[in-house]
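[1] Mind looking at a prediction? Sequence and model below.
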Amino acid sequence: MFPMKWMAGVALAAASAAILAPVAEAKKPAPAPRPAVNFASDDDAFLALRDAARNGDIGRSSELAARLGNYAIPSYVDYFQLRPRITIAPEQEIRDYLARYDGQAIADRLRNDWLLELGRARNWPLFDEQYPQFVLNDDTQLKCYALMSKAAKGQNVAKEARAVLVAPQNYGEACPALITSLAQAGQFTADDIWEQVRLIAESGFPGSIRRIAPVTEVSETTLMQALEKPDAVLARGPGNGRAAHEVFILALGRSAKNNIERVVPILVNAADRLNERERAQAWAQVAFQASLKLAPEAAIFWHRTTGATLSLEAQQWKVRAALRAGEWKLVRTTIESMPASLADDATWIYWLGRAYRTEGKIEQAQKLFESISDQTNFYGQLALEELGRKIVIPPRAQPVSAEELAPMAENAGFRRALKFFDLNMRFEGYREWNWELRKMNDRQHLAAAEFARQKNVLDRMVNTSDRTKSEFDFTQRFPSPHRDVMQSSTERLGLDIAWVYGLIRQESRFIQNARSHVGASGLMQLMPATAKFVARKIGMNDFSQNQVNDIDTNIVLGTNYLNMVLNDLDGSQAMATAAYNAGPGRPRAWRSTLTRSVDGAIFAESIPFNETRDYVKKVLSNATYYAGVFEGKPQSLKARLGTVAPKGFVPTELP
């Protein structure tokens, strides 16, 4: 019960507001009327509704939804009308929506939105009711809120929280709040808190550090100075006590991003003032940044990190630095110490097998290679070759029958997806398409892929067919549209057509009007400046930028550019593929840091850009399969990768 005096005050305030409200309203200028918009079609009005919802424009979204009462996708009309109001909408309205569209992808999306609001409001009873019904369960913030709810009931969730708190880019408001609450409840120790500070700093999300500053024993100002003015912190030295030492270590890592050579002597001079654990942690900060810079000294620094707590990303870079240095024992011990969630990835299974083989543990290596040799990916292919086998195209599955295809054409989610693709709403289309695939078996995936082929949605055909585990149709997985112009262009240049198709499969998935977030366009994802440069180089004098999405023009320009970077990089497909994604200068710089010749696979795995590293591996894996499809004979990914050596490097012949 509230005190009566307080209640009386509230009543008086409410009465005063009611009396004054008309006066206040009278003084406000009347809102300007919205200009009338005549839409050419309901589709145009629907796109405007989507934009209004994204902008949080409640009035506009309600107005547009009202005029789309008979639109083909009512679930999304209702969603876009409700989403901007989710913080103020009556609970029953949200429940009615979820019931009306139960089982659809968009209902799960709204539940995701609602759960985020319930978590922010700390409405744990309603959150706990709704969270088990969230099907995709792929939102890190919701996982943090769920743990906060458990902790609020007195449950110890520290172990679960440590498993969730590994990717700061997904933390949002929820995860720093979880960290803070667990620290205040005594479930997180100082070790946990400082581990999170280092992880967040390593990932580049200082906003989350500000949120957890109150539980670090130092001020937000001090923490941010370590990130924003690290050299000033280093100049003062490590200071006294755990918190001061942690701030110093944080500053070492941030300063090492700019100048490793300057940081190393500072750490050496301060080492005696740090305890053994702190020294290891400090060297880990330097070693991680040295690894990202592909510094030859990185492996040396990693040897000084025994006992340090490493992030998942740092553990992977420790292996990559060891691979470049040829330190197979360090490769082995690092992978063996990884948590299962990381060590079970085909990447680290393969490299552990290579380490075992180097140490003469042939049987152990063979078992590891065998365990991933059925995977149709980069490391599955390499594992096959380590077992002495070549890469072949698996037998094609029995063709999809009319009876298997019919349900795909009738699938309401697929129909919604196709409508979205027509509207160039690819995000919504992918959500609808993938939602329908969740519970399908191999035969159904093949049928859905064939349906996508018939509808000329080749990216969905590829992605859907890629999901099969035991039945395969590589004509779906590795299509080769526009073969005539591709053949003409590659033959004229002497370019490997399988490699070009492998690149397009990764670049655009054969979406003709694909456009990246940085402005690359068309099948071969050409940047405007690149297209203009290549056109001038090959004498295409009548080229204009609006031609870049023309299939023939895009392929001619793209293949010529690919050929230019290939010739510039000594015919290495691994480096040229990296150049196509990251620019020609970067592979040259990455090669220049090598102290010896390395496998193309080591070069690919140690590319310091996540996107480019993944890109190179997928393009060359694709190319190997395309060659198998085109040539009808076994292939070698290792031969395609070749070796990469420093420019001008001459290997010494061993006696």
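    That came through, no problem. From a predicted model like this one, the values you see are computed outputs, not experimental measurements.

[2] Spatially nearest residue to K617 (excluding sequence neighbours)?
    F378 (4.1 Å; CB to CB, 6 or more residues apart in numbering). Every residue, glycine included, has its C-beta placed from N, CA and C.

[3] Secondary structure of F420: a helix, I assume?
    Yes. Under DSSP: H, G, I helix; E, B strand; the rest coil, F420 falls within a helix.

[4] pretty sure the residue nearest to K617 is touching K638, no?
    No. Here F378 lies out of contact with K638, judged by CB atoms under 8 Å, at a distance of 11.1 Å.

[5] Let me know the distance separating N275 from L250.
    From N275 across to L250, the span is 16 Å (CB to CB, to the nearest Å).

[6] So the two - more neighbours on which side?
    L250 (27 against 10; other CB atoms under 10 Å).

[7] Next up, the contacts around the more buried one.
    Residues in contact with L250 (CB atoms under 8 Å, 6 or more residues apart in numbering) are V197, R198, A201, L223, A226, L227, P230, V233, Q285.

[8] do the same with W283
    W283 touches L267, F301, W302, R304, T305, A308, counting by CB under 8 Å, 6+ apart.

[9] Going by distance to T624, which of those wins?
    T624 lies nearest to W302 out of those, by CB to CB, at 32.1 Å.

[10] Now for the closest one: which residues touch it?
    W302 makes contact with W283, A284, A287, S291, K318, A321, A322, L330, T334, according to CB under 8 Å, 6+ apart.

[11] again, only this time at 10 Å
    W302 is in contact with 283-284, 286-288, 290-291, 308, 310, 314, 317-319, 321-322, 325, 327, 330, 334, counting by CB atoms under 10 Å, 6 or more residues apart in numbering.

[12] what are the phi and psi angles of it?
    The phi and psi values for W302, taken as degrees, to the nearest 10, are phi -60, psi -30.

[13] if we can go back for a sec, among the contacts of L250, which are in helices?
    The helices, defined by DSSP state H, take in V197, R198, A201, L223, A226, L227, P230, V233, Q285 from those.

[14] pLDDT, distance to V500 and neighbour count for those residues - can I get that in a markdown table?
    Formatted as a markdown table, the ones in helices among the contacts of L250 follow (pLDDT from 0 to 100; distance: CB to CB, whole Å; neighbours: other CB atoms under 10 Å):
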| residue | pLDDT | distance to V500 | neighbour count |
| --- | --- | --- | --- |
| V197 | 97 | 46 | 25 |
| R198 | 97 | 43 | 24 |
| A201 | 96 | 41 | 22 |
| L223 | 97 | 49 | 23 |
| A226 | 97 | 48 | 25 |
| L227 | 96 | 44 | 19 |
| P230 | 97 | 45 | 22 |
| V233 | 97 | 50 | 23 |
| Q285 | 97 | 42 | 27 |
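
[15] where are the low-confidence patches of the stretch 1-150 of the chain?
    The model of the stretch 1-150 of the chain has pLDDT under 70 over residues 1-36.

[16] Tell me where the chain has strands.
    Using DSSP state E, the strands of the chain run over residues 598-599, 643-644.

[17] Determine which stretch of those strands is the most buried.
    strand 643-644 (a mean of 21; mean count of other CB atoms under 10 Å).

[18] what mean pLDDT does stretch 212-222 have?
    Averaged over stretch 212-222, pLDDT sits at 96.

[19] Now do stretch 436-444: distance to the chain's middle.
    Distance of stretch 436-444 from its chain centroid, counting by CA atoms, centre = their mean, to the nearest Å, is 24 Å.

[20] hmm, who's touching it?
    With contacts defined as CB under 10 Å, 6+ apart, stretch 436-444 is touched by 104-105, 135-136, 397-398, 400-401, 404, 407-408, 411-414, 416-417, 445-449, 460, 463-465, 467-473.

[21] A72: what's it in contact with?
    When contacts are counted by CB under 10 Å, 6+ apart, A72 touches D42, D43, F46, R415, R416, K419.

[22] re the thing from before, so which of the contacts of W302 are in helices?
    Per DSSP H, the contacts of W302 map to helices at 283-284, 286-288, 290-291, 314, 317-319, 321-322, 325, 330, 334.

[23] Can you select the buried ones from these in PyMOL?
    Buried residues among the ones in helices among the contacts of W302 (16 or more other CB atoms under 10 Å), as a PyMOL selection:
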select buried, resi 283+284+286+287+288+290+291+314+317+318+319+321+322+325+330+334
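
[24] Which positions in stretch 59-79 come out as buried?
    Of all the residues in stretch 59-79, those buried under the rule 16+ other CB under 10 Å are 60-65, 68, 71, 73, 75-79.

[25] Save the residues you listed as CSV, and put in distance to S208 too.
    CSV is the format used below for those (distance: CB to CB, whole Å):
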residue, distance to S208
R60, 33
S61, 31
S62, 35
E63, 38
L64, 36
A65, 36
L68, 39
Y71, 40
I73, 37
S75, 35
Y76, 33
V77, 36
D78, 34
Y79, 30
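
[26] Closest one of those residues to R431?
    Nearest to R431 out of those is Y76 (CB to CB; 10.5 Å).

[27] Once you drop chain neighbours, what's closest to that closest one?
    Nearest to Y76 is I106, by CB to CB, 6+ apart, at 6.1 Å.

[28] My guess is that neighbour contacts Y97. True?
    Yes. Proximity of I106 to Y97 meets the contact threshold set by CB atoms under 10 Å, at 9.1 Å.

[29] For those two, list the residues in contact with both.
    Common contacts of I106 and Y97 (CB under 10 Å, 6+ apart): S75, D78, Y79.

[30] residues contacting the first one?
    Read it as S75. Y97, R100, Y101, Q104, A105, I106, A107, R109, L110, A412, R416, E432.

[31] at 8 Å instead, please
    S75 neighbours (CB under 8 Å, 6+ apart): R100, Y101, Q104, I106, A107, R416.

[32] In this protein, where is pLDDT below threshold?
    By pLDDT under 70, the low-scoring segments of the chain are 1-36, 648-655.

[33] let's see 50
    Along the chain, the model assigns pLDDT under 50 to residues 1-28, 30-31, 649-655.

[34] in stretch 259-268, what's buried?
    I260, V263, V264, I266, L267.

[35] from those residues, which is closest to A531?
    Nearest to A531 among the buried residues of stretch 259-268, counting by CB to CB, is I260 at 37.6 Å.

[36] Hmm, A295 and the closest one touching each other?
    Yes. The pair I260 and A295 qualifies as a contact (CB under 8 Å) at a distance of 6.1 Å.

[37] coming back round to it: narrow the contacts of stretch 436-444 to just the buried residues.
    104-105, 397, 400, 404, 408, 411, 413-414, 416-417, 445-449, 460, 463-465, 467-468, 471-473.
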